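**Q** any chance you can model this:
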Amino acid sequence: MIQDIEPKHLDNQYKHSKPRIMDTIFLFEGSSILGKQTGNVITYPSYVEFVGKVESTQKCSIDKIYNFIYLFSVDEDKYFLAVAKNIVEKGTFQGELADSNIHKEYDNILEGYSFIGVNIFRNSLPKAVAFAAITAFHLHCWYRDNRFCGRCGKETVHDDKERMLKCPVCGNIIYPKICPAVIVAVTNGDKILLTKYVGRTYKNYALIAGFTEIGETVEETVIREVKEEVGINVKNIRYYKSQPWGLSGSLLYGFYCELDGSDDIILQEDELSVGKWVSAFELDLEKDEISLTREMICKFVEKVRGMDN
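**A** Numbering: from 1, shown residues only. Take a look at the predicted model:
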């Protein structure tokens, strides 16, 4: 999956530091990221390149335009987030739901670079950089949405020891938001329930998915989401594995379960455009090494076809 970047390692511990000349800068606008695309390879500006081109274009010091926040490192490579000063973005920016053309509205601020829809992370290389970028998008959304205290409305400040925003007036403390969600592979003999979303840029087959609600276990989420989206009951719920998914700010919990009762599908049409049972012998999918969804589907196919090691 996208987080499997061994032998490289993403160190997510916050450090109160400033960027060096060759550190990588991530700049987001809405659901887009500033990068340079050559085929599937995406590169991002270094700090020295970013500063040089912005200052030459804007004719003023970079400190008057952007703040830079340390994100994390991947081995020796350090990544920083560029945050535009005195700008509040308006609108709903959800990576999985974003129109793939949304980036076209943003002006190019660096020669040779352009804004690319964040859904490019699914297919971009190198893989370790793609994982860094999708994780940076998760953090970007948190920083963007917590510039002001939700308790008293004053501007928040960053702690210098850990990744935490705090209000200097009322003492409110804000940590990064991680939303638990489930991915559910519902099976019926040699068949698996596949779906397609409504209004998503992702057009491939998917599995039942949804966020955990207040006061609910993830197992209860499985039962509720399956019932809501396709109108069937399930049993024998079994946990598989988890995955961080920065496009939706989630930690995904993967589950397998079996049909319990009627296999008649009643589609929740405002969520799904397709819901159908598909035999493992009809599926011809390659592992994408990116998503938990694809891995779970491929795992089921291998097991049914007797190829599971």
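
**Q** by average pLDDT, which secondary structure element in the chain comes out worst?
**A** Between all helices and strands in the chain, the lowest mean by mean pLDDT, DSSP states H and E belongs to strand 114-117, at a mean of 86.

**Q** Lys196: neighbour count?
**A** Neighbour count of Lys196, defined by other CB atoms under 10 Å: 15. Yep, even glycine has a C-beta here, placed from its N, CA and C like the rest.

**Q** likewise Arg224?
**A** By other CB under 10 Å, 15 other residues sit near Arg224.

**Q** how far does the helix or strand encompassing it sit from the chain's center?
**A** Assigned by DSSP states H and E, Arg224 falls within helix 218-230. Its chain's average C-alpha position is 22 Å from that of helix 218-230, according to CA atoms, centre = their mean, to the nearest Å.

**Q** and it, C-alpha only, in CSV?
**A** Presented in CSV, the C-alpha positions along helix 218-230 are these (Å, rounded to 0.1, in the frame of the first residue of the first chain):
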residue,chain,number,x,y,z
VAL,A,218,-15.7,0.1,14.0
GLU,A,219,-17.5,-3.2,13.9
GLU,A,220,-20.8,-1.5,14.3
THR,A,221,-19.8,0.9,11.5
VAL,A,222,-19.3,-2.1,9.2
ILE,A,223,-22.9,-3.4,9.9
ARG,A,224,-24.5,0.1,9.6
GLU,A,225,-22.6,1.2,6.5
VAL,A,226,-23.4,-2.0,4.6
LYS,A,227,-27.1,-1.8,5.6
GLU,A,228,-27.3,1.8,4.6
GLU,A,229,-25.5,1.6,1.3
VAL,A,230,-26.7,-1.7,-0.2
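
**Q** picking that back up, so which elements touch the helix or strand that the least confident helix or strand of the chain is followed by?
**A** For strand 114-117, the following helix or strand on the C-terminal side (DSSP H and E) is helix 127-145. Where contact means 3 or more CB pairs under 8 Å, 6 or more residues apart in numbering; DSSP states H and E, helix 127-145 is packed against strand 10-11, strand 24-26, strand 28-29, strand 32-38, strand 41-43, strand 66-74, strand 77-84, strand 234-245.

**Q** picking that back up, so what are the sheet partners of the least confident helix or strand of the chain and their directions?
**A** strand 32-38 (antiparallel) (DSSP bridges).

**Q** which parts of the strand it pairs with are buried?
**A** Neighbour-count burial for strand 32-38, counted by 16 or more other CB atoms under 10 Å, picks out 32-35.

**Q** do the same with stretch 141-158
**A** In stretch 141-158, counting by 16+ other CB under 10 Å, buried: 141-144, 146, 149, 156, 158.

**Q** hmm, which two among those are most spread apart?
**A** Every pair in the buried residues of stretch 141-158 was compared (CB to CB); the two farthest apart turn out to be Cys141 and Cys149, at 17.5 Å.

**Q** hang on, the earlier thing: adding distance to Leu110, write the helices and strands packed on helix 127-145 out as a markdown table.
**A** Formatted as a markdown table, the helices and strands packed on helix 127-145 follow (distance: least, CB to CB, whole Å):
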| stretch | distance to Leu110 |
| --- | --- |
| strand 10-11 | 25 |
| strand 24-26 | 10 |
| strand 28-29 | 12 |
| strand 32-38 | 7 |
| strand 41-43 | 12 |
| strand 66-74 | 12 |
| strand 77-84 | 11 |
| strand 234-245 | 28 |
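
**Q** would you turn those into TSV with mean pLDDT and distance to Asp288?
**A** Output for the helices and strands packed on helix 127-145, formatted as TSV (pLDDT from 0 to 100; distance: least, CB to CB, whole Å):
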stretch	mean pLDDT	distance to Asp288
strand 10-11	96	20
strand 24-26	97	23
strand 28-29	88	24
strand 32-38	90	19
strand 41-43	93	16
strand 66-74	96	21
strand 77-84	96	24
strand 234-245	97	13
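
**Q** for Trp277, which of those is the nearest?
**A** Among these, if distance is taken as CB to CB, the winner is strand 234-245, at 13.4 Å.

**Q** tell me the helices and strands packed up against the helix or strand following that closest one.
**A** Where DSSP H and E defines the elements, the next helix or strand beyond strand 234-245 is strand 250-259. Here strand 250-259 touches strand 179-188, helix 218-230, strand 234-245, helix 292-304, going by 3+ CB pairs under 8 Å, 6+ apart.

**Q** many thanks, I have nothing further to ask.
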